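Enquirer: any chance you can model this:
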Amino acid sequence: MNVSSTETTNSVSHFILLGFPSSPEMQLLYFGLFSVVYTLTLMGNTAIVCAVQLDRRLHTPMYIFLGNFSLLEICYVTTTVPNMLANFLSTSKSISFVNCFTQFYFFFSFGYDEGFFLCIMAFDRYLAICHPLHYPRIMTKQLYTGLIIFGWSGGFLLFLTPVVLISQLPYCGPNTINHFLCDPVPLMMLSCSEDAITQLIYSTFNAIFMIGTFLFILCSYALVILTVLWMPSQAGKRKAFSTCASHLAVVTLFYGSIMVMYVSPGSGHPVKIQKFIALFYSVITPLCNPLIYSLRNKEMKNALRKIFGTEHGVHKV
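Expert: Presented below is the predicted three-dimensional model:
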């Protein structure tokens, strides 16, 4: 990401992230509230990562993917929330040009990676439920390792082009972003010249990624549901539907908000609505995901009870 050459041609060396303008007392309240949310998010996702790592019964592709997804959530939320918390206590609320685009790149790359992992998890459930006899032969260690590598790296490779193009736009002032993170839409609006090609490329990348991955997930689960409906065992149906319901709930939370926000950025949303939607998918969703996966999954609940029961000297199975 070549931002150093951009700084030499731009008069803007830093940006001001307005965040949530309010009184100092409200800023402190926001700081306390989001500190609690961030801490709970880290604890919930770390608990899932630890459960998958420590409980041998969870050393299966489905739970290994889930553990990686939870670790990804930790990285995703950490790209923005610590800086947002610091701004609640700051009067300047500034972020350097390089740091702004670094946050922009990592936040959206991790976001793309979340979409890839949701596709991988949907594909895994499709194989396990629709082709159970062939599942062990298809989902080998080599395959799921390759899928994990792709899940972590795919977003960083794909999002490199949009972030480089947007970082090369001329910025001559003003430098105030009415947001709590370095979002591409207000960044492009701050540019001295309107670059229709860059906006088109950015919108096209988002549309192809979001619609493509979302349709892949929907098709996978549609096939899964059709297979489940033909199952003779009621217990098998309940277990399969329970697993799918957890995944679909996370998919709905993730895609429901980002599609409204980013598939058509040119359509324009009121600033307060933009912040609320961004807050939902960047802060609230990572908090809800571990709750959804742990509360609706018997194996995960048992693993968490075992781990935390051992820590407190009360072994529970």
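
Enquirer: shaky segments in the stretch 151-300 of the chain?
Expert: Applying pLDDT under 70 to the stretch 151-300 of the chain picks out residues 236, 261-270, 295-296.

Enquirer: what segments of it are strands?
Expert: 176-177 (DSSP state E, counting those that start in this stretch).

Enquirer: those helices in it, which residues are they?
Expert: Taking DSSP state H, counting those that start in this stretch as the criterion, the stretch 151-300 of the chain carries its helices at 160-167, 184-190, 196-229, 234-262, 271-279, 285-295, 298-311.

Enquirer: how about the first one: buried residues?
Expert: If I follow you right, that is helix 160-167. Buried residues in helix 160-167, counting neighbours by 16 or more other Cβ atoms under 10 Å, are found at 162, 163, 164, 165, 166, 167. Glycine gets a C-beta too; all of them are placed from N, C-alpha and C.

Enquirer: give me every residue that touches residue 173.
Expert: For residue 173, the contacting residues are 11, 12, by Cβ atoms under 8 Å, 6 or more residues apart in numbering.

Enquirer: which non-adjacent residue is nearest residue 162?
Expert: The spatially closest residue to residue 162, leaving aside those adjacent along the chain, is residue 202, at 4.7 Å (Cβ to Cβ, 6 or more residues apart in numbering).

Enquirer: quick one: the one you found and residue 211, what's the gap?
Expert: For residue 202, the distance to residue 211 equals 15 Å [Cβ to Cβ, to the nearest Å].

Enquirer: equivalent analysis for residue 259, please.
Expert: 8 Å.

Enquirer: neighbour-wise, which of those two wins?
Expert: Higher neighbour count among residue 259 and residue 211: residue 259, with 17 against 13, using other Cβ atoms under 10 Å.

Enquirer: distance to residue 75 added to the helices of the stretch 151-300 of the chain, as a markdown table?
Expert: Compiled in a markdown table, the helices of the stretch 151-300 of the chain are given as follows (distance: least, Cβ to Cβ, whole Å):
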| stretch | distance to residue 75 |
| --- | --- |
| helix 160-167 | 17 |
| helix 184-190 | 19 |
| helix 196-229 | 18 |
| helix 234-262 | 15 |
| helix 271-279 | 17 |
| helix 285-295 | 10 |
| helix 298-311 | 21 |
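
Enquirer: which stretch among those helices comes nearest residue 95?
Expert: Minimum separation from residue 95 across those (Cβ to Cβ) falls at helix 184-190, 11.5 Å.

Enquirer: run the chain-centre distance for that closest one.
Expert: 21 Å (Cα atoms, centre = their mean, to the nearest Å).

Enquirer: ok, stretch 41-60 next?
Expert: The chain centroid and the centroid of stretch 41-60 are separated by 18 Å, computed with Cα atoms, centre = their mean.

Enquirer: return the set of buried residues in that stretch.
Expert: Judged by neighbour count using 16+ other Cβ under 10 Å, the buried positions of stretch 41-60 are 41-42, 44-45, 47-52, 55, 58, 60.

Enquirer: and of those, the nearest to residue 197?
Expert: After measuring the buried residues of stretch 41-60 against residue 197 - Cβ to Cβ - the closest member comes out as residue 41, at 37.4 Å.

Enquirer: okay, the closest one: pLDDT?
Expert: Looking at residue 41, its pLDDT reads 95.

Enquirer: thanks a lot, catch you later.
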